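[1] sequence and predicted structure below; questions after.
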Amino acid sequence: MSSSESSVEELELELLLEALYRRHGLDFRGYAMASLRRRVWRRVQLDGLATITALTDRLLHHPDVLERLLADLSINVTEMFRDPGFHRALREKVLPLLRTYPFVRVWNAGCSTGEEAYSMAIALQEAGLLDRSRIYATDMNEGALARARTGTVPLASMQSYTENYQRAGGTRGFSEYYEVQGDMAVFDPALTRNIVFAQHNLATDRSFNEFHVIVCRNVMIYFGRDLQRRVHQLFLDSLVPLGLLGLGRKETIQPPELAASYEPLESAEKLYRRRS
Amino acid sequence: MIDLVAIGASWGGLRAISTVLRALPSTFAAAVVVVQHRAATDSMLAPLLDRAGALPVRDADDKDPLRAGEVLVAPADYHLLVDGDAVALSVDAPVRFSRPSIDVLFETAAQARGDRVVAVVLTGSNADGAAGLMTVRRHGGIALVQEPADAERPEMPSAALRACPGAQVRPLAAIGPELVRICGPTA
Ligand SMILES: C[S@@+](CC[C@H](N)C(=O)[O-])C[C@H]1O[C@@H](n2cnc3c(N)ncnc32)[C@H](O)[C@@H]1O
């Protein structure tokens, strides 16, 4: 492929994203292009098309492709206590700092199907904080949120989640938290009662509260630099002074000017504390 | 001018990648990105490779810039993609059972850098990297494959050669020096 062909493809991709935005209000324009391109091409091929422009044409004139494309573009992979070291640091370093607050608000941004929010509810419960906490778990993807609201996870995953829970410093028997129904594990409603699942798009929506803790992991890796910067500004504006920010294992606060507003709490686990 | 080296390895890769890195001088003129298949929890790879030669090696953070003479390794359980002048990470589903995937690295490297890429397939017992190597060639980049007979596991280099018959074949010991010849040290 010559360089002029690849700049044509770049343009086609931009036009597709523009169509998605103008026609359906879905804003992927600030996303990192490399992974977006792979997923768009996957849809082009699965739908038996030859070019991205053909996909744009179909999107504009046969809207049934929208749902398939959206499914391709949202990566909802998640786990309970993913990266146990992070959850251990959350338990040991962050939760003790929350004891002094009469009420604790946690924002789990990009919560996918809820596993991360359930994990944090368990840690808050074991720290004796859950009753005076609320976890606002948000995602742009309604389908993922609908599954999150059921308070269930596939039973097949529970063995690895149990190991993660133990490595994350869990102090009880993990099975105390759920009941088995068919091939699902159903979490104790006492655990999920204080989680509010709501739709929120980090690319287009504003802050909706002030939080003591914000956890956003494996979401911003899909964003380009400018969008990352905007979302980091949104998080900074949404944190109380001395509030805590938790990122994914391989993410950093961008740009450096914004990073200066935080001090590392546990830098190996990407936990930061907003300066006062 | 070739300014990006993308290396993929699997079974036996630690030794093979170390051998390649040992041949690269601190003045090496290209950036290096590496995918080595490994367990989701393994964090020892980059520190071990860092000791292999003159170039600094670390696990990539999302959006780390690509710089000549620096080696970025795909972190355990993440895909590593080339995006413009930087790398990006993803937790997309494994590709052919692998995350990180060599194909994902090679394809995005080709897409971002066109004919400025040399992709290297080393030892391994699967077929990851074969499709990506072809993509690199199609974009005008250079494909380099470890001689299967010389590899700890021949399957991956063999699959790469089947998919990409025009690739250059070298024994492991010659790959590092070949990269220096292709990319050159800075003046
Ligand atoms: C890979 S999952 C990460 C889930 C969880 N945080 C974890 O680390 O396991 C990424 C999630 O981010 C969501 N997401 C992507 N772009 C978003 C946006 N602009 N606003 C809100 N959520 C977004 C996706 O829908 C998906 O559920």
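    In hand now; what should we look at?

[2] can you show me the helices along chain A?
    Assigned by DSSP state H, chain A shows helices spanning A:3-24, A:33-46, A:52-61, A:65-73, A:84-89, A:95-98, A:115-126, A:142-149, A:158-167, A:189-192, A:225-238, A:256-259.

[3] do the same with chain B
    With DSSP H, the ranges of helices along chain B come out as B:13-22, B:45-50, B:102-113, B:130-138, B:155-163, B:172-183.

[4] of those helices, which approaches chain A most closely?
    helix B:102-113 (4.6 Å; CB to the nearest CB). In this view, the C-beta of every residue, glycine as well, is placed from N, C-alpha and C.

[5] summarise which helices and strands that closest one is packed against.
    Judged by 3 or more CB pairs under 8 Å, 6 or more residues apart in numbering or on different chains; DSSP states H and E, the packing partners of helix B:102-113 are helix A:33-46, strand B:4-9, strand B:31-36, strand B:79-83, strand B:117-121, helix B:130-138.

[6] residues of the longest one that come out buried?
    Using 16 or more other CB atoms under 10 Å in any protein chain shown as the test for burial, helix A:33-46 gives A:33-41, A:43-44.

[7] filtering these by proximity to chain B, which remain?
    When the buried residues of helix A:33-46 are filtered against chain B using CB under 8 Å from any CB of the partner chain, the residues retained are A:33-35, A:37-39.

[8] residues of the stretch 1-150 of chain A that sit close to chain B?
    With CB under 8 Å from any CB as the criterion, the stretch 1-150 of chain A meets chain B at residues A:1, A:3, A:6, A:32-35, A:37-39, A:75, A:77.

[9] for the helices of chain A, give me a markdown table that also has mean pLDDT and distance to B:Tyr78.
    As requested, the helices of chain A are exported to a markdown table (pLDDT from 0 to 100; distance: least, CB to CB, whole Å):
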| stretch | mean pLDDT | distance to B:Tyr78 |
| --- | --- | --- |
| helix A:3-24 | 90 | 23 |
| helix A:33-46 | 94 | 11 |
| helix A:52-61 | 96 | 26 |
| helix A:65-73 | 91 | 19 |
| helix A:84-89 | 97 | 14 |
| helix A:95-98 | 97 | 27 |
| helix A:115-126 | 98 | 17 |
| helix A:142-149 | 96 | 20 |
| helix A:158-167 | 97 | 17 |
| helix A:189-192 | 96 | 29 |
| helix A:225-238 | 97 | 16 |
| helix A:256-259 | 91 | 21 |
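
[10] so who does B:Ser158 touch?
    With contacts defined as CB atoms under 8 Å, 6 or more residues apart in numbering or on different chains, the neighbours of B:Ser158 are B:Pro148.

[11] check contacts around residue 133.
    In the absence of a named chain, this looks at chain A. A:Ser133 makes contact with A:98, A:103-106, A:124, A:194, according to CB under 8 Å, 6+ apart.

[12] ah, no, chain B please
    Counting by CB under 8 Å, 6+ apart, B:Leu133 makes contact with B:106, B:119, B:121, B:143, B:145, B:160, B:163-164, B:167.

[13] go again with 7 Å.
    B:Leu133 sits next to B:106, B:119, B:121, B:143, B:160, B:163-164, B:167 when contact means CB atoms under 7 Å, 6 or more residues apart in numbering or on different chains.

[14] one more: B:Leu80?
    The contact partners of B:Leu80, by CB under 7 Å, 6+ apart, come to B:33, B:35, B:60, B:74, B:87, B:89, B:100, B:105.
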